[in-house]
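Requesting a structural model of the entry that follows:
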Amino acid sequence: MSNNNKKNSQLCPACRKLISRSAAVCPFCGLKKPTSRFKNNIFISGITDGDQLVTGIIAVNSVLFILSIIIDPKLGSLNFSPLNFLSPSNQSLLVLGSTGTIPVFQLHRWWSLLAANYLHGGLLHIVFNMLAIRQLAPLVIREFGINRTIILYTLGGVGGFCLSTLAGVRFTIGASAALCSLIGALLYYGKSRGGTYGQNIFSQIGGWALSIGIFGFIVPGINNWGHGGGMLAGALLGYLLGYTDKKREKFSHKILAMICLAATCLVLLWSCVNGMLFLLITN
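Okay, here's the model as predicted:
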């Protein structure tokens, strides 16, 4: 491509296809005024790398987990238990944003519905959740796109914890509500798409859902309401947002995804500030 052609071309902010700077409408996704400065603003350009998104989710969860242990580790029985290895205390988790009926209705910490998605009660808890996200998130990104995946993960996690709070769960944490939202979206995708590929997706992801359900009823202390709520929220959001085979990601999806990212950043910043203040006061 010549230098002149490069100067007269740019990437569409919605579909990332190369278009002319004089284009009034993107010929690929139909975005109006794709060369607008507002639509190409760096603050709403969004995440364009799926691996970057997955790595970012895992990194943020890991940082919050380390912070929760630094603030107040669980130091109780001397008997070693894999489930209690490297576990933060309940007080530490409450300070950082564990959610449920007590934090939400008694302490009026509505922001905890989002913050709790990034907190974990032990090393095995976070490892299992992050491994599942590493395996499932790329498939969601491929079929729904990066921006819709961000929406599914954020709003689906909040939706799962909303249901568990309304169901009376006093305290709860973990990325599993958001993870189950991805599972719910993939179940909807497989059922809606149909065909051999869709049926295979539905069957494989259905196995995940069944395993999570069985695990939740066998192991005490599992938030089954959060898991079920996350799956329902994910399926509903998948239906409302659509997937790539039906319609391309729109600029409105990118805007909503950026709002979700901004809300997450603000909530987690507030969570960290609370944690550091608690650490200073107690020490």
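
Surely I133 and G56 touch.
No: counting by C-beta atoms under 8 Å, G56 is not a contact partner of I133; they are 11.0 Å apart. The way it works is simple: take the backbone N, C-alpha and C, and place the C-beta from them, glycine included.

Between the two, which is the more surrounded one?
I133 (21 against 13; other C-beta atoms under 10 Å).

Next up, identify which helix or strand the more buried one is on.
Using DSSP states H and E, I133 maps to helix 123-144.

I'd like to know which elements that helix is packed against.
Counting contacts by 3 or more C-beta pairs under 8 Å, 6 or more residues apart in numbering; DSSP states H and E, helix 123-144 is packed against helix 50-71, helix 146-166, helix 176-193, helix 195-218.

Can you list the buried residues in the second one?
What it means is helix 146-166. Buried residues in helix 146-166, counted by 16 or more other C-beta atoms under 10 Å: 146-165.

What of the longest one?
By neighbour count on 16+ other C-beta under 10 Å, the buried set for helix 195-218 is G198, I201, F202, I205, W208, A209, I212, G213, G216.

can I get the CA coordinates of that helix in CSV?
Extracted C-alpha coordinates of helix 195-218, given in CSV (Å, rounded to 0.1, in the frame of the first residue of the first chain):
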residue,chain,number,x,y,z
GLY,A,195,-26.4,-27.5,13.5
THR,A,196,-23.5,-29.8,14.3
TYR,A,197,-21.3,-27.1,15.6
GLY,A,198,-24.0,-25.5,17.8
GLN,A,199,-25.1,-28.9,19.2
ASN,A,200,-21.5,-29.7,20.1
ILE,A,201,-21.0,-26.4,21.9
PHE,A,202,-24.3,-26.9,23.7
SER,A,203,-23.4,-30.4,24.7
GLN,A,204,-19.9,-29.6,25.9
ILE,A,205,-20.9,-26.4,27.8
GLY,A,206,-23.9,-28.3,29.2
GLY,A,207,-21.4,-30.7,30.7
TRP,A,208,-19.7,-27.7,32.4
ALA,A,209,-23.0,-26.5,33.8
LEU,A,210,-24.0,-30.0,35.0
SER,A,211,-20.6,-30.4,36.7
ILE,A,212,-20.9,-27.0,38.5
GLY,A,213,-24.4,-27.9,39.6
ILE,A,214,-23.4,-31.3,41.0
PHE,A,215,-20.3,-29.8,42.7
GLY,A,216,-22.4,-27.1,44.3
PHE,A,217,-24.8,-29.6,45.9
ILE,A,218,-22.0,-31.9,47.1
